[in-house]
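Peer 1: Give me the fold of what follows.
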Amino acid sequence: MRFYKGELFSGPGGIAKGAQEAKVTQPETGELFHIEHRWSNDLDLDTCQTFARNICGRDFDSTVHPGPVQELPLGNKDELPPIDCLTFGFPCNDYSQVGKKKGLEGDYGPLYTYGIKAIKAYKPIFFVAENVGGLKSANEGKAFVQILTDLEECGYYLTPHLYKFEEYGVPQARHRIIIVGIRNDYYEKGYQFKVPAPTTKHNYVTAGEALTVPYEDDVLNHELPRHSEKVIQMLDHIEEGGNAWSPNLPEHLRLKVKGARLSSIYKRLDRNRPAYTVTGSGGGGTHMYHWQENRALTNRERARLQTFQDDFEFCGRRESVRKQIGMAVPVEGARIIFAAILKTFAGVAYDQIEPDPKVQLKNLQHSK
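Peer 2: Residues are numbered from 1 along each chain as shown. The predicted structure follows:
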């Protein structure tokens, strides 16, 4: 069984790659359940080129639509053909813990409504929506309640869950809310998605394990960064797992910053733990730093922490690539979630857990 996928806010293809890799064979019939790309959209041209090159196999593809989602002809079946599933990692800028958390009142917060518009236009069998963990507390929790209510009213049974991706084989502590919606008529027929159980809850993949696998000589996006002599000296005094406020730093190398001391500033990785969260923006000191070498990580190293294979090529300049990697959903995390969805439709059993009660609509409404 083949599910054709449409995607909004696609990013470079973390969700899409995970969906491509999630293939399930029904034991009784041998039928292959899989997901195929049909169309996608993202605002950024470099990001769209990365998606086209790696998901579609060519630099530019007519099924990849660059530009504002507001201009996408949703519902025009000639330009955007029918789909069986929709994915949308709607922009997290106004929901992130880092920032003003404007939620629905920000410039980006209302963009989830284009996911709603696409769902109403195409009535996909299922959808997958993604956002940061801070979504549940934006606008004092009202934003998340509104989003879940709008999705539910489209005619879908929702299974929201806060996934801790380090528990699913991702060498990075990255926590994201994923909402899986199964159309009500399918849910009532018994196609009832459940949250897949963690695969590495007590045996995390570490940053050291991910980054010490040898690189090919011509590996892509692996240019070493350049640093000033002062930054190199700072890093030389920061211990593994430490940051810019390490007691080892001499006075003349300490940052003159008032207010909060963000723990990720010039923070070295701990090779024996999953990395801290890969981000796509930020100034000096936010690029993630090697546990031993006096330098920031390369984009390829960041991509490994996001579980992109080394042959996945990111297009654009270095900062553009950094942004793409930071905005992506980890491929392996996406693959596990899509595999569970496909197993749901194929009737294949898999290990399950109860969804996080703190992100369930009824509980959220009751707490208000």
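
Peer 1: Please, where are all the strands along the stretch 1-150 of the chain?
Peer 2: Per DSSP state E, counting those that start in this stretch, the stretch 1-150 of the chain carries strands over the ranges 2-8, 24-25, 32-42, 64-66, 85-88, 126-132.

Peer 1: contact partners of the longest one?
Peer 2: Residues outside strand 32-42 that contact it (CB atoms under 8 Å, 6 or more residues apart in numbering) are 1-11, 16, 19-20, 22-26, 48, 51, 55-56, 63-67, 69, 72, 80-81, 83, 85, 338, 342-343, 345-346. Bear in mind the C-beta positions are built from the backbone N, C-alpha and C, glycine included.

Peer 1: Quick check: end-to-end length of stretch 300-309?
Peer 2: This stretch, stretch 300-309, spans 9 Å end to end (CA to CA, to the nearest Å).

Peer 1: Distance from the chain centre to that stretch, please.
Peer 2: Between the centre of stretch 300-309 and the centre of its host chain there is 12 Å, according to CA atoms, centre = their mean, to the nearest Å.

Peer 1: can you count the residues close to the closest residue in space to A197 that isn't next to it in sequence?
Peer 2: If the residues on either side of it in the chain are set aside, A197 comes closest to D351, at 3.8 Å by CB to CB, 6 or more residues apart in numbering. For D351, the count of nearby residues is 11 (other CB atoms under 10 Å).

Peer 1: And the contacts of strand 32-42, which of them are buried?
Peer 2: With neighbours counted by 16 or more other CB atoms under 10 Å, the contacts of strand 32-42 contain buried members at 3-11, 16, 19-20, 22, 24, 26, 48, 51, 55-56, 63-66, 69, 72, 80, 83, 85, 338, 342-343, 345-346.

Peer 1: on that earlier part again, next one: the residue nearest to A197 from K343, what distance?
Peer 2: 10 Å (CB to CB, to the nearest Å).

Peer 1: can you check Q172 too?
Peer 2: 25 Å.

Peer 1: before we move on, what about N203?
Peer 2: Computed as CB to CB, the N203 to K343 distance reads 23 Å.

Peer 1: the strands in the stretch 151-300 of the chain, which residues?
Peer 2: Per DSSP E, counting those that start in this stretch, the stretch 151-300 of the chain carries strands over the ranges 156-164, 175-183, 195-196.

Peer 1: export these to a markdown table and tack on mean pLDDT, mean neighbour count and distance to K323?
Peer 2: Conversion of the strands of the stretch 151-300 of the chain to a markdown table gives the following (pLDDT from 0 to 100; neighbours: other CB atoms under 10 Å; distance: least, CB to CB, whole Å):
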| stretch | mean pLDDT | mean neighbour count | distance to K323 |
| --- | --- | --- | --- |
| strand 156-164 | 97 | 21 | 22 |
| strand 175-183 | 96 | 22 | 17 |
| strand 195-196 | 98 | 20 | 29 |
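
Peer 1: Of all those, which one comes closest to V278?
Peer 2: With CB to CB, the closest approach to V278 among those belongs to strand 175-183: 12.0 Å.

Peer 1: shaky segments in the stretch 51-200 of the chain?
Peer 2: In the predicted model, the stretch 51-200 of the chain carries pLDDT under 70 at residues 91-109, 136-140.

Peer 1: any chance of the strands of the stretch 151-300 of the chain in a markdown table, with distance to G285 too?
Peer 2: Putting the strands of the stretch 151-300 of the chain into a markdown table (distance: least, CB to CB, whole Å) gives the following:
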| stretch | distance to G285 |
| --- | --- |
| strand 156-164 | 25 |
| strand 175-183 | 22 |
| strand 195-196 | 36 |
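
Peer 1: Of those strands, which is nearest Q360?
Peer 2: Using CB to CB, the nearest of the strands of the stretch 151-300 of the chain to Q360 is strand 156-164, at 6.7 Å.
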